[in-house]
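1. Task: produce atomic coordinates for the following.
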Amino acid sequence: MKLEEVPQDDSPGYAKERRAVYAQDADGGYVVAASSGWAVEEAANTLAVATFEAQAQAARARCAAGQGSPLEVIMYLRRMDIPTLAQATGLWAWRVKRHLRAKGYRRLSPALRQRYADALGCDVAQLLPEAEPPV
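-> Just a heads-up that it's a prediction; the model follows:
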């Protein structure tokens, strides 16, 4: 994009901050330009956050029904999905998916539970089977 086309939409998500983006100047070279936000980006981010919150609510309901695990709830609250959590833990995605179900979750070893806690940035006590899923 050209230097004069850099969006300046004052997005609330930027909290009065500015973001560095690359733009072409008049000579055709790339320079760093400050942007105060872009309405389209703000809408996409808002939609993504709402989707993760809906997934967390559904996971919380599955957990309360005994079909899911607190791991799934925390995963969505941390804005992660199965491939992202698998990459963060170094596990295969099929193993992570298995651990999101109640039966597979109850069988987690303490070492694997700690691995998930480290990847999710939470306390291992939140990942214990008897723990209440976070709100």
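2. C-alpha only now, for contacts and for neighbours.
-> OK.
3. quick one: the strands in the protein?
-> Here the chain has its strands, by DSSP state E, at 19-24, 30-35.
4. Those: which one's closest to Ala61?
-> strand 19-24 (37.9 Å; C-alpha to C-alpha).
5. tell me what the closest one is packed against?
-> When contacts are defined as 3 or more C-alpha pairs under 8 Å, 6 or more residues apart in numbering; DSSP states H and E, strand 19-24 sits against strand 30-35.
6. closest one to Thr84 among the strands of the chain?
-> Per C-alpha to C-alpha, nearest to Thr84 of the strands of the chain: strand 19-24, 25.0 Å.
7. Would you mind splitting this protein into its domains for me?
-> 3-37, 41-127 (automatic domain parsing).
8. quick one on the thing from earlier: would TSV of the strands of the chain with mean pLDDT and distance to Lys103 be doable?
-> Output for those, formatted as TSV (pLDDT from 0 to 100; distance: least, C-alpha to C-alpha, whole Å):
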stretch	mean pLDDT	distance to Lys103
strand 19-24	91	45
strand 30-35	92	48
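9. Alright, calling it a day.
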